[in-house]
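> one predicted model, sequence on top.
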Amino acid sequence: MFGAYVGMLMVLIAFASETRGMLSSRSLPYLLLMGVGEILLTIRASLTGEWPFAVLGAIWAAFALWSILKPPKLVEH
């Protein structure tokens, strides 16, 4: 259960930091907080059989980690 609390804090810190303009949602710290935090929450949800939440967390984590490995190309206008 401790891991779930750590994951929850990581996701909340990332979200709060992004909404307050302290982190960009494309920055490595934000993506790591979201990716690792969601992995921890997904593990907990899987262990307790909360499958919709586990699937959502896994997808969220996958997008965060995918964005680290393959950053989006910025389009100039």
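That came through fine.
> which residue is the nearest non-sequential neighbour of residue 53?
residue 45 (4.2 Å; Cβ to Cβ, 6 or more residues apart in numbering). C-beta: built from backbone N, CA, C; applies to glycine.
> tell me which element the one you found falls in.
helix 28-47 (DSSP states H and E).
> now do that helix: which elements does it pack against?
Judged by 3 or more Cβ pairs under 8 Å, 6 or more residues apart in numbering; DSSP states H and E, the packing partners of helix 28-47 are helix 2-19, helix 51-69.
> so can I have TSV of the ones you listed showing distance to residue 32 and mean pLDDT?
Output for the helices and strands packed on helix 28-47, formatted as TSV (distance: least, Cβ to Cβ, whole Å; pLDDT from 0 to 100):
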stretch	distance to residue 32	mean pLDDT
helix 2-19	8	95
helix 51-69	7	94
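> any chance of those helices in a markdown table, with mean neighbour count and distance to residue 34 too?
Converted to a markdown table, these look like this (neighbours: other Cβ atoms under 10 Å; distance: least, Cβ to Cβ, whole Å):
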| stretch | mean neighbour count | distance to residue 34 |
| --- | --- | --- |
| helix 2-19 | 16 | 5 |
| helix 51-69 | 15 | 4 |
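> quick one: closest of the ones you listed to residue 37.
Nearest to residue 37 among the helices and strands packed on helix 28-47 is helix 2-19; the distance by Cβ to Cβ comes to 3.1 Å.
> thought the residue nearest to residue 53 was touching residue 61?
No: applying Cβ atoms under 8 Å as the test, residue 45 and residue 61 come out as separate, 11.3 Å apart.
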